[in-house]
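Engineer: Here's a sequence, model it:
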Amino acid sequence: MGTEYEKPFSCKSFHLRCSLKNHMRTHTGEKPFSCEMCRKSFSQKSNLKSHMKTHTGEKPFSCGKCRKSFSRKHTLHRHMNTHAGEKLFSCGKCRKGFSLKHTLHRHENSIQNHF
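Structural biologist: Prediction:
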């Protein structure tokens, strides 16, 4: 294979210089990609592209079961857990299961004073 590029942090090494450069931004905080509409900045160009959908309203990823649409593919995949009945997140206090992480957090906040 090619040369491995080492970096000064204790993270994994990268085979491609561009992958290392992108990863280094997590350590440096560099965000060279800015939204021209709201000036929000991003470390990755793909994150800026995804963000732009919030301004255009574009939601190209649709659920085949309930027709709900999403701007990001991973959000659709997370949503699909609600239909599959999978309870991937459970409350550490009462053991109740939830299919979405934010629903668990809402539950935890609501029962905070009960335990």
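
Engineer: how close does the most centrally placed residue in the chain sit to Ser46?
Structural biologist: Compute the mean C-alpha point of the chain, and by Cα atoms, centre = their mean the closest residue is His74, 7.3 Å away. As for His74, its distance to Ser46 is 12 Å (criterion: Cβ to Cβ, to the nearest Å). To be clear about C-beta, it is placed using only N, CA and C from the backbone, and glycine gets the same treatment.

Engineer: now Asn113
Structural biologist: Remark: distance between Asn113 and Ser46 (Cβ to Cβ) = 41 Å.

Engineer: Compare the two and say which one has the larger neighbour count.
Structural biologist: When Asn113 and Ser46 are compared for neighbours, Ser46 comes out ahead with 11 against 6, by other Cβ atoms under 10 Å.

Engineer: so how far is Phe33 from the more buried one?
Structural biologist: In this structure, Ser46 and Phe33 are 9 Å apart, going by Cβ to Cβ.

Engineer: residues contacting Cys38?
Structural biologist: Listed by Cβ atoms under 8 Å, 6 or more residues apart in numbering, the contact set of Cys38 reads His55.

Engineer: List phi and psi for it.
Structural biologist: phi -130, psi 0 (degrees, to the nearest 10).

Engineer: Number the chain from 57, please
Structural biologist: Sure, I'll start counting at 57 from here, so that last one is Cys94.

Engineer: so how far is Cys74 from it?
Structural biologist: Separation of Cys94 from Cys74 (Cβ to Cβ): 27 Å.

Engineer: pLDDT weak spots in the protein?
Structural biologist: Low-confidence regions of the chain, defined here as pLDDT under 70, cover residues 57-66, 170-171.

Engineer: Show me where the protein has its strands.
Structural biologist: In the chain, the strands defined using DSSP state E lie at 89-90, 97-98, 117-118, 125-126, 145-146, 153-154.
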